[in-house]
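Student: can you look at this prediction? I've put the sequence above it.
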Amino acid sequence: MASNRAVLAERGPQVSIPGHFGNLEVVRVDVRKWEAEFQVRSADGSLIGPKFPTRFSMIRPDSEEDTIKFWKMLVDDLFRVLKENGELPDFVKDKEVSTDNDSTGEPALYVKILIKPARGEADDATVDRWNDFVHLVQDRLMRLRLGRLPYVRLGEWRRKR
Amino acid sequence: MPLPHDLLEQARFLAQREAGRGRPRQASLRRAVSTAYYAVFHLLSADATAQATPEGPAGLRERVQRSLQHATMKAAANAVQSNPPHPRILALSTGSIPAPLVSVARGFVRLQDERHKADYDLADQFDRSTVQTLITDAEQVFRDWISVRNTDEARVFLAALMFWNLWSK
């Protein structure tokens, strides 16, 4: 697990770069390599020190790396790969990413795929296509062996007013 | 028709209410999601109980079925849908986990969490498209279960639904 403790021996003002205390921040996520890179952001806002490559499976819930920015970058990267592979259907309009505990209290990652709704009730073939994509994203997330249990949800996309 | 099938039919009926009259009522959509989950829950819990309990005396199976816990069942389903599946599942399997069984496990987990939102989370609005996909998923679970229920892996899954939280002992 990446930790700024390699740079910061203990929490407090004293760090390897005098006068700075940093927070660990995700700087890169690569779903093809199953890893992310983290760096320390100093008090003046700059990124300092070495980058810590970390396997997704080592990013535990409520650890320093477990930030919503990391999860959004992970899902963005997954969708980028899906698009590159021609697996991102036209009906997908947007997505929302959030973290929470699921109904049994386990740490969860929620990905809500916003789709263009059908007029009235959708036909079976359309519903099947929606479900196929939900299952595809779910399976890809499961393969990444994440510290949070992924849930892929569907929602109707509404034009923002 | 057995209860699980009746519930599934009821879920479909609820999801189709208020058709063509603007947005459907949240009450109809939420009850549809909840009913779809319980259709799958009763489908699997009836088979799990039948596998673990003799037919008599009268009332024994119903009593055992009543003791099944949603959280344990979800944990077992997660162990099956994980990639790779949990080692305790693999240790009892003669081969790889059949794809329809993974589909059943994935559908169960998805429906259980959506059912929780439908019943308790008023901040989350349900829409007809979402509910249609969930009911279709429940129907797929029924079809997949019929195709896979007589395999060794399905028997392991049924036992795990009942005892997963005790399997580390």
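Tutor: Received it, and whenever you're ready, just let me know what you need.
Student: run a quick neighbour tally on whatever residue of chain B ends up closest to chain A.
Tutor: Closest approach between chain B and chain A, counting by CB to the nearest CB: B:His116, at 3.5 Å. For every residue, glycine as well, the C-beta is placed using N, CA and C. B:His116 is flanked by 17 other residues according to other CB atoms under 10 Å in any protein chain shown.
Student: remind me which helix or strand it belongs to.
Tutor: Using DSSP states H and E, B:His116 falls within helix B:99-120.
Student: what does chain A put close to chain B?
Tutor: With the criterion set to CB under 8 Å from any CB of the partner chain, chain A comes near chain B through A:102-104, A:108, A:115, A:117-118, A:120-122, A:124, A:127-128, A:130-131, A:134-135, A:138-139, A:142-143, A:145, A:149, A:151-156.
Student: if you set the cut-off to 7 Å instead, what comes out?
Tutor: A:102-104, A:115, A:117-118, A:120-122, A:127-128, A:130-131, A:134-135, A:138, A:142-143, A:149, A:151, A:154-156 (CB under 7 Å from any CB of the partner chain).
Student: which residues touch the nearest residue to B:Val141 once chain neighbours are set aside?
Tutor: Leaving aside its chain neighbours, B:Val141 sits nearest to B:Gly107 (4.0 Å; criterion: CB to CB, 6 or more residues apart in numbering or on different chains). Residues near B:Gly107 by CB atoms under 7 Å, 6 or more residues apart in numbering or on different chains: B:40, B:137-138, B:140-141.
Student: count the neighbours of the closest residue to A:Arg129 other than its chain neighbours for me.
Tutor: Closest residue in space to A:Arg129, ignoring its immediate chain neighbours: A:Pro89 at 6.7 Å, by CB to CB, 6+ apart. By other CB under 10 Å, the residues close to A:Pro89 number 14.
Student: and what of A:Glu37?
Tutor: By other CB under 10 Å, 16 other residues sit near A:Glu37.
Student: just to revisit the earlier point, got a ChimeraX select line for the buried ones in the residues of chain A next to chain B?
Tutor: To isolate the buried ones among the residues of chain A next to chain B in ChimeraX, judged by 16 or more other CB atoms under 10 Å in any protein chain shown, type:
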select /A:102,103,104,115,117,118,121,122,127,130,131,134,135,138,142,149,151,154,155,156
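Student: re the thing from before, what's the closest non-adjacent residue to the residue of chain B closest to chain A?
Tutor: B:His116 sits nearest to A:Ser103 (CB to CB, 6+ apart), 3.5 Å away.
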